[in-house]
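Enquirer: Here is the input, now give the coordinates:
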Amino acid sequence: MRCGEAFGKSTPCILLRTAYNFPAFVCHAFIRSYQFINVEVLSEDPMLVIFRDFAPDHYVENFLEDVGELKMMEQKVVKRGQENVSESSPSRQANGTWIDHTASDGVARMFRRAMLFLPFINFSNSDLWQVLKYRPGGHYAPHHDYISYSSPETYDFWMKTYGNRMATFFLVLQPAQEGGGTVFPELHKAVHPSRGDVVFWINVNYTGEKEEKSSHGGCPVYEGEKIAATLWIRMKGQHIFQSASSRLDIRELMQR
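Expert: Numbers count the residues shown, from 1 in each chain. Got it, this is the predicted structure:
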């Protein structure tokens, strides 16, 4: 059995309708700036949603053109006990690079779209874009984006300045022809986004500690090439948890 097969395949924001298609998830349709936003809610605790068709095709094309000439390097993982150090690992097989939020026109346009359509997130306090390419055999074993530092002495610049990784914004620029889904083993979910979709999830609970159920992994690519761009949203300046509850309502957040 292949990875994931066990889990299945500024203007006001107005909630147009809610469609309960399956007991396992809910679909909402919103409109903001005269554009539709379709959201699939796969989990509320912790939040895991897919923004379908988040980026129009020409946005994706412009983004890919802007990053196409960048050199992609082997991706590493955080070293245990030395969290400000990265090392190669067989658990992660991908190439990637970093690029500033507004480094070029296409990249900046995508960043502005994220800020417009997800107003409940302060994107200015996020890491640089991380652009990733997964070729056949590429994968990433289940892990948490939240970094568990062994001590304050191992804090890196991002942790010292902006706090830990509160949420993940995962934009699919090109899906693999076969394989390459993202699995959430603790939630018994596997997602297979299409070009222009965004997968968004929360990495912390309402106390700001690691959300164990946010563990996720990149399933192996069997054919084609998967390209994605990630923004890790940091804790500082975020206000999505307004009550002592880990359950977030995307309908309420989208209409703030």
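
Enquirer: I'd assumed residue 158 was in contact with residue 149.
Expert: No. Between residue 149 and residue 158 no contact is recorded; they are 11.2 Å apart, counting by CB atoms under 8 Å. Glycine gets a C-beta too; all of them are placed from N, C-alpha and C.

Enquirer: Of the two, which one has the most company?
Expert: Each of residue 149 and residue 158 has its neighbours counted (other CB atoms under 10 Å); residue 158 has more, 19 against 16.

Enquirer: what's the helix or strand for that one?
Expert: Per DSSP states H and E: residue 158 is located in helix 157-162.

Enquirer: quick one: average pLDDT of that helix?
Expert: The pLDDT scores in helix 157-162 average 94.

Enquirer: Quick check: what element follows it along the chain?
Expert: Sequence-wise, the next helix or strand downstream of helix 157-162 (DSSP H and E) is strand 165-174.

Enquirer: State the paired neighbours of that next one in the sheet, together with their directions.
Expert: In the sheet, strand 165-174 lines up against strand 198-202 (antiparallel), strand 226-234 (antiparallel) (DSSP bridges).

Enquirer: CSV for these, including mean pLDDT?
Expert: Shown next, in CSV, are the strands paired with strand 165-174 (pLDDT from 0 to 100):
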stretch, mean pLDDT
strand 198-202, 98
strand 226-234, 97
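
Enquirer: Quick check: which of the ones you listed is nearest to residue 136?
Expert: Across those, residue 136 has its closest neighbour in strand 226-234 (9.7 Å, CB to CB).

Enquirer: residues in contact with the closest one?
Expert: Strand 226-234 has contacts (CB atoms under 8 Å, 6 or more residues apart in numbering) with 63-64, 67, 110, 114, 121-123, 125-127, 129-134, 138, 145, 158, 162-176, 180, 218.

Enquirer: show me where this protein has helices.
Expert: 57-67, 105-117, 157-162, 250-254 (DSSP state H).

Enquirer: just how off-centre is the second one within its chain?
Expert: When C-alpha coordinates are averaged (CA atoms, centre = their mean, to the nearest Å), helix 105-117 and its chain have centres 15 Å apart.

Enquirer: List the buried residues of that helix.
Expert: 106-111, 113-114, 117 (16 or more other CB atoms under 10 Å).

Enquirer: can I have that helix written out in CSV, keeping just the CAs?
Expert: What follows is helix 105-117 as a C-alpha-only set of coordinates in CSV (Å, rounded to 0.1, in the frame of the first residue of the first chain):
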residue,chain,number,x,y,z
ASP,A,105,6.5,40.8,-9.4
GLY,A,106,5.0,37.3,-9.6
VAL,A,107,6.1,36.3,-6.1
ALA,A,108,4.9,39.6,-4.6
ARG,A,109,1.6,39.3,-6.3
MET,A,110,1.0,35.8,-4.7
PHE,A,111,2.0,37.2,-1.3
ARG,A,112,-0.5,40.0,-1.5
ARG,A,113,-3.2,37.6,-2.5
ALA,A,114,-2.4,35.5,0.6
MET,A,115,-2.7,38.6,2.8
LEU,A,116,-6.0,39.6,1.1
PHE,A,117,-7.8,36.3,1.3
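
Enquirer: on contacts alone, who are the packing partners of it?
Expert: helix 57-67 (3 or more CB pairs under 8 Å, 6 or more residues apart in numbering; DSSP states H and E).

Enquirer: gap between the residue located most distally from the centre of the chain and residue 165?
Expert: Most distant from the centre of the chain: residue 153, at 27.7 Å, with distances by CA atoms, centre = their mean. Residue 153 sits at a distance of 19 Å from residue 165 (criterion: CB to CB, to the nearest Å).

Enquirer: contacting residues around residue 62?
Expert: With contact taken as CB under 8 Å, 6+ apart, residue 62 is in contact with 105-106, 109-110.

Enquirer: In contact with residue 56, which residues are there?
Expert: residue 196.

Enquirer: where's it relative to residue 229, distance?
Expert: As judged by CB to CB, residue 56 and residue 229 stand 15 Å apart.

Enquirer: Also residue 206?
Expert: Taking CB to CB, one finds residue 206 at 28 Å from residue 229.
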